[in-house]
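Q: quick one: sequence and predicted model below, then my questions.
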Number of protein chains: 2
Amino acid sequence: MDARRKAGDAMLAIMSAPAVINGDVPLSDRVPLSPDLPRHDVEQLCLERGLRMTPQRHAIVRVLSEADDHPSVEQVYQRALAYNQQICLATVYRTIRIFEQKGILQSRDFGTGRARYEPLDHEHHHLVDVDTGDVVEFSIAAHEHLLRAIAEDLGFQVVSLRLEIFGKRYGFQRNSAGEADGL
Amino acid sequence: MDARRKAGDAMLAIMSAPAVINGDVPLSDRVPLSPDLPRHDVEQLCLERGLRMTPQRHAIVRVLSEADDHPSVEQVYQRALAYNQQICLATVYRTIRIFEQKGILQSRDFGTGRARYEPLDHEHHHLVDVDTGDVVEFSIAAHEHLLRAIAEDLGFQVVSLRLEIFGKRYGFQRNSAGEADGL
DNA sequence: GTATATGCAAACTATTTGCTGCCAC
DNA sequence: GTGGCAGCAAATAGTTTGCATATAC
(Lines give C-alpha, C1' and ligand atoms only; values in the text may rest on other atoms or scores of the structure.)
Protein backbone atom coordinates (compact mmCIF):
# COMPACT_ATOMS: atom_id res chain seq x y z
CA MET A 1 0.00 0.00 0.00
CA ASP A 2 2.89 2.35 0.34
CA ALA A 3 5.22 1.79 -2.56
CA ARG A 4 5.28 5.27 -4.01
CA ARG A 5 6.89 6.68 -7.12
CA LYS A 6 6.69 9.91 -9.01
CA ALA A 7 4.91 10.07 -12.32
CA GLY A 8 5.02 13.16 -14.48
CA ASP A 9 4.98 16.52 -12.77
CA ALA A 10 1.66 16.13 -11.05
CA MET A 11 2.87 15.24 -7.55
CA LEU A 12 1.42 11.87 -8.08
CA ALA A 13 1.92 9.04 -5.63
CA ILE A 14 1.03 5.57 -6.87
CA MET A 15 0.04 3.37 -4.03
CA SER A 16 -1.38 -0.08 -4.71
CA ALA A 17 -3.51 -2.32 -6.87
CA PRO A 18 -7.36 -2.77 -6.80
CA ALA A 19 -9.48 -0.21 -4.12
CA VAL A 20 -13.41 1.71 -2.34
CA ILE A 21 -14.44 5.27 -0.53
CA ASN A 22 -17.26 6.40 1.79
CA GLY A 23 -20.40 4.47 0.96
CA ASP A 24 -23.91 3.87 2.08
CA VAL A 25 -23.76 4.82 5.72
CA PRO A 26 -26.55 7.11 6.81
CA LEU A 27 -24.67 10.17 5.70
CA SER A 28 -24.87 12.24 8.82
CA ASP A 29 -23.43 9.44 10.95
CA ARG A 30 -20.06 9.83 9.31
CA VAL A 31 -17.23 11.20 11.38
CA PRO A 32 -15.50 14.24 9.87
CA LEU A 33 -12.13 13.37 8.41
CA SER A 34 -9.26 15.26 9.93
CA PRO A 35 -6.74 16.47 7.36
CA ASP A 36 -4.04 15.18 9.69
CA LEU A 37 -5.61 11.92 10.76
CA PRO A 38 -2.96 10.03 12.72
CA ARG A 39 -2.03 6.57 11.44
CA HIS A 40 -3.49 4.33 14.12
CA ASP A 41 -3.94 0.78 13.11
CA VAL A 42 -7.47 -0.44 12.64
CA GLU A 43 -7.82 -2.29 15.92
CA GLN A 44 -6.62 0.64 17.94
CA LEU A 45 -9.17 2.81 16.19
CA CYS A 46 -11.92 0.40 17.22
CA LEU A 47 -10.95 0.57 20.87
CA GLU A 48 -10.66 4.35 20.79
CA ARG A 49 -14.16 4.57 19.42
CA GLY A 50 -15.69 2.42 22.11
CA LEU A 51 -16.21 -0.78 20.16
CA ARG A 52 -16.02 -4.17 21.89
CA MET A 53 -13.32 -6.35 20.46
CA THR A 54 -14.98 -9.69 19.97
CA PRO A 55 -13.13 -12.59 18.33
CA GLN A 56 -15.15 -11.98 15.18
CA ARG A 57 -14.04 -8.38 15.06
CA HIS A 58 -10.44 -9.40 15.63
CA ALA A 59 -10.70 -11.59 12.56
CA ILE A 60 -12.34 -8.88 10.46
CA VAL A 61 -9.87 -6.25 11.56
CA ARG A 62 -7.01 -8.57 10.72
CA VAL A 63 -8.39 -9.19 7.26
CA LEU A 64 -8.80 -5.49 6.65
CA SER A 65 -5.35 -4.64 7.95
CA GLU A 66 -3.71 -7.24 5.80
CA ALA A 67 -5.64 -6.52 2.62
CA ASP A 68 -3.86 -4.48 0.01
CA ASP A 69 -6.72 -4.84 -2.41
CA HIS A 70 -10.26 -3.61 -1.76
CA PRO A 71 -12.29 -6.62 -0.69
CA SER A 72 -16.04 -6.92 -0.99
CA VAL A 73 -18.10 -7.92 2.05
CA GLU A 74 -18.18 -11.48 0.76
CA GLN A 75 -14.40 -11.48 0.39
CA VAL A 76 -13.90 -10.11 3.88
CA TYR A 77 -16.17 -12.86 5.14
CA GLN A 78 -14.32 -15.61 3.31
CA ARG A 79 -10.94 -14.40 4.49
CA ALA A 80 -12.12 -13.90 8.05
CA LEU A 81 -13.34 -17.50 8.13
CA ALA A 82 -9.71 -18.56 7.90
CA TYR A 83 -9.05 -16.84 11.23
CA ASN A 84 -12.30 -17.67 12.96
CA GLN A 85 -14.92 -20.24 11.99
CA GLN A 86 -17.43 -18.64 14.37
CA ILE A 87 -18.42 -15.86 12.10
CA CYS A 88 -21.33 -15.31 9.79
CA LEU A 89 -21.99 -13.01 6.88
CA ALA A 90 -24.52 -10.92 8.78
CA THR A 91 -21.87 -10.12 11.35
CA VAL A 92 -19.48 -8.99 8.67
CA TYR A 93 -22.14 -6.72 7.22
CA ARG A 94 -23.00 -5.33 10.63
CA THR A 95 -19.39 -4.83 11.61
CA ILE A 96 -18.46 -3.14 8.40
CA ARG A 97 -21.39 -0.80 8.68
CA ILE A 98 -20.37 0.15 12.18
CA PHE A 99 -16.78 0.65 11.08
CA GLU A 100 -17.99 2.99 8.39
CA GLN A 101 -20.08 4.97 10.85
CA LYS A 102 -17.11 5.26 13.16
CA GLY A 103 -14.91 6.49 10.36
CA ILE A 104 -12.68 3.42 10.41
CA LEU A 105 -13.53 2.16 6.94
CA GLN A 106 -14.69 3.59 3.67
CA SER A 107 -16.77 1.83 1.08
CA ARG A 108 -16.36 2.28 -2.65
CA ASP A 109 -18.41 1.43 -5.66
CA PHE A 110 -16.28 0.65 -8.70
CA GLY A 111 -19.16 -0.09 -10.97
CA THR A 112 -19.53 -3.78 -10.21
CA GLY A 113 -22.68 -3.55 -8.11
CA ARG A 114 -20.90 -4.73 -4.98
CA ALA A 115 -19.55 -2.39 -2.35
CA ARG A 116 -15.84 -2.75 -1.62
CA TYR A 117 -13.89 -1.59 1.40
CA GLU A 118 -10.61 -0.21 2.57
CA PRO A 119 -9.27 1.21 5.82
CA LEU A 120 -9.68 4.96 6.05
CA ASP A 121 -6.17 5.68 7.23
CA HIS A 122 -4.84 7.59 4.28
CA GLU A 123 -6.53 9.65 1.66
CA HIS A 124 -6.08 8.68 -1.94
CA HIS A 125 -8.00 8.27 -5.15
CA HIS A 126 -8.51 5.62 -7.77
CA LEU A 127 -7.86 5.13 -11.42
CA VAL A 128 -10.03 2.28 -12.65
CA ASP A 129 -9.16 0.37 -15.79
CA VAL A 130 -12.54 -0.07 -17.45
CA ASP A 131 -11.33 -3.06 -19.45
CA THR A 132 -9.83 -5.12 -16.65
CA GLY A 133 -11.33 -3.65 -13.48
CA ASP A 134 -7.83 -3.07 -12.12
CA VAL A 135 -7.54 -0.15 -9.75
CA VAL A 136 -4.50 2.04 -9.21
CA GLU A 137 -4.40 4.27 -6.16
CA PHE A 138 -2.91 7.71 -6.34
CA SER A 139 -2.95 10.93 -4.41
CA ILE A 140 -2.43 14.56 -5.34
CA ALA A 141 -1.76 16.82 -2.43
CA ALA A 142 -2.34 20.05 -4.35
CA HIS A 143 -5.61 18.71 -5.57
CA GLU A 144 -6.93 17.99 -2.11
CA HIS A 145 -6.16 21.46 -0.90
CA LEU A 146 -8.06 22.78 -3.88
CA LEU A 147 -11.08 20.67 -3.07
CA ARG A 148 -11.05 21.67 0.57
CA ALA A 149 -10.90 25.30 -0.50
CA ILE A 150 -13.88 24.79 -2.76
CA ALA A 151 -15.91 23.22 0.01
CA GLU A 152 -14.96 26.05 2.38
CA ASP A 153 -16.06 28.59 -0.19
CA LEU A 154 -19.44 26.93 -0.26
CA GLY A 155 -19.67 26.87 3.51
CA PHE A 156 -18.90 23.21 4.04
CA GLN A 157 -16.46 21.29 6.17
CA VAL A 158 -15.11 18.31 4.22
CA VAL A 159 -16.09 14.95 5.66
CA SER A 160 -14.64 12.84 2.89
CA LEU A 161 -13.62 12.92 -0.72
CA ARG A 162 -14.24 10.54 -3.51
CA LEU A 163 -12.39 10.80 -6.77
CA GLU A 164 -12.29 8.18 -9.43
CA ILE A 165 -10.98 8.28 -12.94
CA PHE A 166 -12.27 5.59 -15.26
CA GLY A 167 -9.94 5.06 -18.18
CA LYS A 168 -8.85 2.79 -20.98
CA ARG A 169 -5.22 1.73 -21.26
CA TYR A 170 -3.71 2.96 -24.50
CA GLY A 171 -3.13 -0.02 -26.74
CA PHE A 172 -5.41 -2.31 -24.78
CA GLN A 173 -7.42 -4.85 -26.73
CA ARG A 174 -9.33 -8.00 -25.98
CA ASN A 175 -8.26 -11.24 -27.59
CA SER A 176 -10.72 -13.57 -29.25
CA ALA A 177 -11.40 -15.33 -25.97
CA GLY A 178 -12.36 -12.00 -24.42
CA GLU A 179 -9.33 -11.99 -22.13
CA ALA A 180 -7.25 -8.91 -21.53
CA ASP A 181 -4.26 -8.48 -23.82
CA GLY A 182 -1.82 -5.82 -22.74
CA LEU A 183 0.13 -3.99 -25.40
CA MET B 1 -29.01 23.08 -14.87
CA ASP B 2 -27.08 25.99 -16.22
CA ALA B 3 -27.41 28.83 -13.77
CA ARG B 4 -23.77 29.47 -13.08
CA ARG B 5 -22.09 31.84 -10.68
CA LYS B 6 -18.61 32.36 -9.43
CA ALA B 7 -17.65 31.40 -5.93
CA GLY B 8 -14.31 32.30 -4.47
CA ASP B 9 -11.27 32.21 -6.71
CA ALA B 10 -11.48 28.56 -7.63
CA MET B 11 -13.06 28.91 -11.07
CA LEU B 12 -16.07 27.26 -9.65
CA ALA B 13 -19.34 27.00 -11.51
CA ILE B 14 -22.37 26.11 -9.42
CA MET B 15 -24.92 24.35 -11.49
CA SER B 16 -27.97 22.79 -9.81
CA ALA B 17 -29.42 20.97 -6.87
CA PRO B 18 -29.35 17.14 -6.17
CA ALA B 19 -27.11 14.60 -8.79
CA VAL B 20 -25.06 10.54 -10.14
CA ILE B 21 -21.82 9.49 -12.39
CA ASN B 22 -20.85 6.40 -14.36
CA GLY B 23 -22.16 3.36 -12.55
CA ASP B 24 -22.58 -0.32 -12.85
CA VAL B 25 -22.31 -0.84 -16.54
CA PRO B 26 -19.97 -3.62 -17.55
CA LEU B 27 -17.02 -1.31 -17.45
CA SER B 28 -15.55 -2.02 -20.84
CA ASP B 29 -18.80 -1.21 -22.62
CA ARG B 30 -18.51 2.44 -21.76
CA VAL B 31 -17.87 4.87 -24.56
CA PRO B 32 -14.85 7.15 -24.09
CA LEU B 33 -15.84 10.68 -23.17
CA SER B 34 -14.62 13.32 -25.55
CA PRO B 35 -13.19 16.36 -23.81
CA ASP B 36 -15.17 18.48 -26.26
CA LEU B 37 -18.38 16.51 -26.31
CA PRO B 38 -20.89 18.56 -28.30
CA ARG B 39 -24.15 19.48 -26.53
CA HIS B 40 -26.61 17.31 -28.40
CA ASP B 41 -29.82 16.76 -26.63
CA VAL B 42 -30.48 13.33 -25.28
CA GLU B 43 -32.81 12.14 -28.01
CA GLN B 44 -30.43 13.15 -30.74
CA LEU B 45 -27.70 11.21 -29.00
CA CYS B 46 -29.87 8.10 -29.03
CA LEU B 47 -30.45 8.33 -32.75
CA GLU B 48 -26.80 8.93 -33.46
CA ARG B 49 -25.91 5.85 -31.53
CA GLY B 50 -28.27 3.59 -33.41
CA LEU B 51 -31.00 3.21 -30.82
CA ARG B 52 -34.61 2.77 -31.88
CA MET B 53 -36.86 5.51 -30.58
CA THR B 54 -39.84 3.69 -29.17
CA PRO B 55 -42.63 5.58 -27.39
CA GLN B 56 -41.26 4.30 -24.10
CA ARG B 57 -37.84 5.72 -24.87
CA HIS B 58 -39.37 9.02 -25.88
CA ALA B 59 -40.96 9.20 -22.46
CA ILE B 60 -37.77 8.26 -20.66
CA VAL B 61 -35.69 10.69 -22.67
CA ARG B 62 -38.15 13.43 -21.95
CA VAL B 63 -38.00 12.75 -18.24
CA LEU B 64 -34.22 12.78 -18.29
CA SER B 65 -34.03 15.95 -20.34
CA GLU B 66 -36.41 17.78 -18.07
CA ALA B 67 -34.92 16.60 -14.80
CA ASP B 68 -32.72 19.04 -13.00
CA ASP B 69 -32.30 16.73 -10.07
CA HIS B 70 -30.78 13.24 -10.29
CA PRO B 71 -33.66 10.79 -10.35
CA SER B 72 -33.43 7.16 -9.31
CA VAL B 73 -34.67 4.45 -11.66
CA GLU B 74 -37.92 4.33 -9.73
CA GLN B 75 -38.32 8.09 -10.06
CA VAL B 76 -37.64 7.99 -13.78
CA TYR B 77 -40.27 5.27 -14.06
CA GLN B 78 -42.86 7.23 -12.09
CA ARG B 79 -42.31 10.39 -14.10
CA ALA B 80 -42.27 8.54 -17.42
CA LEU B 81 -45.66 7.05 -16.57
CA ALA B 82 -47.12 10.53 -16.83
CA TYR B 83 -46.07 10.64 -20.48
CA ASN B 84 -46.81 7.05 -21.37
CA GLN B 85 -48.82 4.50 -19.45
CA GLN B 86 -47.39 1.70 -21.59
CA ILE B 87 -44.14 1.41 -19.75
CA CYS B 88 -42.86 -0.92 -17.09
CA LEU B 89 -40.05 -0.76 -14.60
CA ALA B 90 -38.01 -3.43 -16.38
CA THR B 91 -37.99 -1.31 -19.49
CA VAL B 92 -36.72 1.66 -17.58
CA TYR B 93 -33.92 -0.45 -16.13
CA ARG B 94 -33.04 -1.86 -19.53
CA THR B 95 -33.16 1.50 -21.23
CA ILE B 96 -31.08 3.21 -18.62
CA ARG B 97 -28.49 0.48 -18.82
CA ILE B 98 -28.27 0.85 -22.58
CA PHE B 99 -28.03 4.61 -22.26
CA GLU B 100 -25.14 4.18 -19.89
CA GLN B 101 -23.39 1.82 -22.25
CA LYS B 102 -23.83 4.26 -25.09
CA GLY B 103 -22.42 7.08 -23.03
CA ILE B 104 -25.71 8.99 -22.90
CA LEU B 105 -26.22 8.76 -19.15
CA GLN B 106 -24.11 8.42 -16.07
CA SER B 107 -25.13 6.79 -12.84
CA ARG B 108 -24.09 8.00 -9.41
CA ASP B 109 -24.11 6.55 -5.97
CA PHE B 110 -24.64 9.19 -3.30
CA GLY B 111 -24.61 6.78 -0.44
CA THR B 112 -28.31 5.95 -0.40
CA GLY B 113 -28.07 2.44 -1.85
CA ARG B 114 -29.97 3.44 -4.97
CA ALA B 115 -28.31 4.44 -8.20
CA ARG B 116 -29.28 7.87 -9.51
CA TYR B 117 -28.91 9.23 -13.01
CA GLU B 118 -28.17 12.30 -15.03
CA PRO B 119 -27.53 13.06 -18.70
CA LEU B 120 -23.87 12.97 -19.59
CA ASP B 121 -23.88 16.17 -21.57
CA HIS B 122 -21.68 18.27 -19.37
CA GLU B 123 -18.97 17.32 -16.98
CA HIS B 124 -19.31 18.40 -13.40
CA HIS B 125 -18.87 17.15 -9.88
CA HIS B 126 -20.88 16.98 -6.72
CA LEU B 127 -20.73 18.35 -3.22
CA VAL B 128 -23.01 16.27 -1.03
CA ASP B 129 -24.37 17.64 2.23
CA VAL B 130 -24.07 14.66 4.55
CA ASP B 131 -26.74 16.00 6.86
CA THR B 132 -29.47 16.70 4.36
CA GLY B 133 -28.47 14.71 1.28
CA ASP B 134 -28.59 17.86 -0.82
CA VAL B 135 -26.25 17.89 -3.78
CA VAL B 136 -24.60 20.91 -5.33
CA GLU B 137 -23.03 20.54 -8.75
CA PHE B 138 -19.83 22.32 -9.60
CA SER B 139 -17.07 22.13 -12.14
CA ILE B 140 -13.44 23.14 -12.12
CA ALA B 141 -11.85 23.36 -15.53
CA ALA B 142 -8.27 23.47 -14.27
CA HIS B 143 -8.95 20.44 -12.19
CA GLU B 144 -10.15 18.36 -15.09
CA HIS B 145 -7.09 19.11 -17.13
CA LEU B 146 -5.00 18.01 -14.21
CA LEU B 147 -6.86 14.71 -13.94
CA ARG B 148 -6.57 14.05 -17.65
CA ALA B 149 -2.85 14.70 -17.44
CA ILE B 150 -2.56 12.24 -14.58
CA ALA B 151 -4.37 9.54 -16.50
CA GLU B 152 -2.22 10.20 -19.56
CA ASP B 153 0.90 9.88 -17.44
CA LEU B 154 -0.26 6.48 -16.36
CA GLY B 155 -1.02 5.45 -19.92
CA PHE B 156 -4.79 5.77 -19.78
CA GLN B 157 -7.36 7.55 -21.88
CA VAL B 158 -10.06 9.02 -19.64
CA VAL B 159 -13.48 7.48 -20.11
CA SER B 160 -15.19 9.31 -17.28
CA LEU B 161 -14.53 11.09 -14.03
CA ARG B 162 -16.23 10.88 -10.73
CA LEU B 163 -15.59 13.41 -8.03
CA GLU B 164 -17.62 13.87 -4.93
CA ILE B 165 -17.00 15.91 -1.85
CA PHE B 166 -19.01 14.94 1.20
CA GLY B 167 -19.25 17.77 3.64
CA LYS B 168 -21.07 19.26 6.60
CA ARG B 169 -22.49 22.76 6.41
CA TYR B 170 -20.88 25.05 8.94
CA GLY B 171 -23.44 25.84 11.58
CA PHE B 172 -25.75 23.01 10.66
CA GLN B 173 -27.64 21.28 13.46
CA ARG B 174 -30.63 19.04 13.77
CA ASN B 175 -33.61 20.22 15.78
CA SER B 176 -35.32 18.00 18.32
CA ALA B 177 -37.58 16.54 15.65
CA GLY B 178 -34.52 15.48 13.67
CA GLU B 179 -35.23 17.97 10.90
CA ALA B 180 -32.57 20.09 9.31
CA ASP B 181 -32.06 23.53 10.82
CA GLY B 182 -29.99 25.87 8.77
CA LEU B 183 -27.91 28.46 10.55
C1' DG C 1 -24.57 -7.18 35.60
C1' DT C 2 -25.71 -5.12 31.41
C1' DA C 3 -25.36 -3.13 27.16
C1' DT C 4 -23.45 -4.88 22.97
C1' DA C 5 -22.64 -8.48 19.74
C1' DT C 6 -23.65 -12.72 17.58
C1' DG C 7 -25.86 -16.61 14.72
C1' DC C 8 -29.51 -18.01 12.11
C1' DA C 9 -33.08 -17.60 9.04
C1' DA C 10 -36.36 -14.87 7.03
C1' DA C 11 -37.29 -10.41 4.91
C1' DC C 12 -36.31 -6.67 1.81
C1' DT C 13 -34.76 -3.81 -1.97
C1' DA C 14 -32.82 -2.98 -6.13
C1' DT C 15 -31.91 -4.99 -10.32
C1' DT C 16 -31.81 -8.65 -13.94
C1' DT C 17 -33.60 -12.21 -16.93
C1' DG C 18 -36.53 -15.70 -19.70
C1' DC C 19 -39.95 -15.78 -22.64
C1' DT C 20 -43.30 -14.53 -25.96
C1' DG C 21 -45.15 -11.22 -28.89
C1' DC C 22 -44.62 -6.53 -31.18
C1' DC C 23 -43.01 -2.65 -33.86
C1' DA C 24 -39.31 0.81 -35.62
C1' DC C 25 -36.51 1.02 -39.27
C1' DG D 1 -39.25 -8.67 -42.91
C1' DT D 2 -36.46 -8.86 -38.92
C1' DG D 3 -33.68 -7.66 -35.17
C1' DG D 4 -34.18 -4.97 -31.51
C1' DC D 5 -37.52 -3.80 -27.94
C1' DA D 6 -41.63 -4.35 -24.88
C1' DG D 7 -44.43 -6.37 -21.02
C1' DC D 8 -44.89 -9.59 -17.44
C1' DA D 9 -43.56 -12.39 -13.87
C1' DA D 10 -40.16 -14.97 -11.75
C1' DA D 11 -35.39 -15.08 -10.35
C1' DT D 12 -31.23 -13.21 -8.39
C1' DA D 13 -27.84 -10.57 -5.70
C1' DG D 14 -26.68 -7.90 -2.15
C1' DT D 15 -27.86 -6.32 2.17
C1' DT D 16 -30.74 -5.82 6.42
C1' DT D 17 -33.44 -7.32 10.39
C1' DG D 18 -36.02 -9.91 14.37
C1' DC D 19 -35.17 -12.63 17.87
C1' DA D 20 -33.06 -15.50 21.28
C1' DT D 21 -28.56 -16.35 23.15
C1' DA D 22 -23.85 -15.27 24.40
C1' DT D 23 -20.05 -12.29 26.01
C1' DA D 24 -16.76 -8.09 26.58
C1' DC D 25 -16.18 -4.71 29.64
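A: Sure thing, it's come through.
Q: the spatially closest residue to A:Asp129 that is not a sequence neighbour: neighbour count?
A: Residue nearest to A:Asp129 in three dimensions, not counting chain neighbours: A:Arg169, with 6.0 Å by CB to CB, 6 or more residues apart in numbering or on different chains. (Glycine included, C-beta is placed from N, CA and C.) A count of neighbours around A:Arg169, defined by other CB atoms under 10 Å in any protein chain shown, yields 19.
Q: where does A:Arg169 fall, phi/psi-wise?
A: phi -70, psi 130 (degrees, to the nearest 10).
Q: so how far is B:Leu147 from A:Arg62?
A: As judged by CB to CB, to the nearest Å, A:Arg62 and B:Leu147 stand 35 Å apart.
Q: now swap in A:Gly103 and tell me
A: From A:Gly103 to B:Leu147 the distance is 26 Å (CB to CB).
Q: tell me which element the closest residue to A:Val136 other than its chain neighbours is part of?
A: The shortest distance from A:Val136 to any non-neighbouring residue, by CB to CB, 6+ apart, is to A:Leu127 (4.5 Å). Assessed by DSSP states H and E, A:Leu127 sits inside strand A:125-129.
Q: mind jotting down where the strands sit in chain A?
A: Using DSSP state E, the strands of chain A run over residues A:12-14, A:105-109, A:115-119, A:125-129, A:135-140, A:156-169, A:173-174, A:180-181.
Q: B:Tyr117: which of those is closest?
A: Nearest to B:Tyr117 among these is strand A:105-109 (14.3 Å), distances taken as CB to CB.
Q: and that closest one, what does it pack onto?
A: Counting by 3 or more CB pairs under 8 Å, 6 or more residues apart in numbering or on different chains; DSSP states H and E, the packing neighbours recorded for strand A:105-109 are helix A:89-101, strand A:115-119, strand A:156-169.
Q: tell me the angle that strand makes with strand B:105-109.
A: 160 degrees (axes from the mean of the first three to the mean of the last three CA atoms, to 10 degrees).
Q: sheet partners, orientation included, of strand A:105-109?
A: According to DSSP bridges, strand A:105-109 forms sheet pairs with strand A:115-119 (antiparallel).
Q: residue of chain A closest to DNA strand C, please.
A: Distance from DNA strand C to each residue of chain A (CB to the nearest atom of the strand) is smallest for A:Thr91, at 3.0 Å.
Q: contacting residues around that residue?
A: Counting by CB atoms under 8 Å, 6 or more residues apart in numbering or on different chains, A:Thr91 makes contact with A:Gln56.
Q: now do A:Arg57
A: For A:Arg57, the contact set (CB under 8 Å, 6+ apart) comprises A:Cys46, A:Leu51, A:Thr95.
Q: how close does it sit to A:Asp68?
A: The spacing between A:Arg57 and A:Asp68, counted by CB to CB, is 21 Å.
Q: cool, and A:Gln78?
A: To A:Asp68, A:Gln78 is 16 Å away according to CB to CB.
Q: what's the answer for A:Leu161, then?
A: In terms of CB to CB, A:Leu161 sits 21 Å off from A:Asp68.
Q: settle it for me: which of the two has more neighbours?
A: Set A:Leu161 next to A:Asp68 and count neighbours by other CB under 10 Å: A:Leu161 wins out with 22 against 14.
Q: give the bridge partners for that one, please.
A: So, taking DSSP bridges as the rule, A:Leu161 has B:Ile165 as bridge partners.
Q: isn't it right up against B:Arg162?
A: No: with contact defined as CB atoms under 8 Å, A:Leu161 does not reach B:Arg162; the gap is 11.1 Å.
Q: ok, the residue nearest to A:Val136 - how many residues close by?
A: Neighbourhood size, A:Leu127 [other CB under 10 Å]: 23.
Q: how much space separates it from DNA strand D?
A: From A:Leu127 across to DNA strand D, the span is 22 Å (CB to the nearest atom of the strand, to the nearest Å).
Q: looking at strand pairing, list the partners for that residue.
A: A:Val136, A:Ile165.
Q: so it touches B:Ala151, yeah?
A: Yes: A:Leu127 is within contact range of B:Ala151, at 6.4 Å (criterion: CB under 8 Å).
Q: hey, what's in contact with both of these two?
A: Common neighbours of A:Leu127 and B:Ala151 (criterion: CB under 8 Å, 6+ apart): A:Ile165, A:Gly167.
Q: re the thing from before, ok, and the most crowded of the contacts of A:Arg57?
A: Of all these, A:Thr95 has the most neighbours under the rule other CB under 10 Å, reaching 25 neighbours.
Q: show me what contacts that residue?
A: A:Gln56, A:Arg57, A:Ile60.
Q: now those as TSV including pLDDT and distance to DNA strand C?
A: Output for those, formatted as TSV (pLDDT from 0 to 100; distance: CB to the nearest atom of the strand, whole Å):
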residue	pLDDT	distance to DNA strand C
A:Gln56	94	4
A:Arg57	94	5
A:Ile60	93	8
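Q: redo those as a markdown table? Include distance to A:Glu74.
A: Converted to a markdown table, the contacts of A:Thr95 look like this (distance: CB to CB, whole Å):
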| residue | distance to A:Glu74 |
| --- | --- |
| A:Gln56 | 16 |
| A:Arg57 | 18 |
| A:Ile60 | 13 |
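Q: of the residues you listed, which belong to helices?
A: When DSSP state H is applied, those are split such that A:Gln56, A:Arg57, A:Ile60 fall in helices.
Q: neighbours around the closest residue to A:His124 other than its chain neighbours, how many?
A: Nearest non-adjacent residue to A:His124, counting by CB to CB, 6+ apart: A:Ser139, 4.2 Å away. By other CB under 10 Å, the residues close to A:Ser139 number 17.
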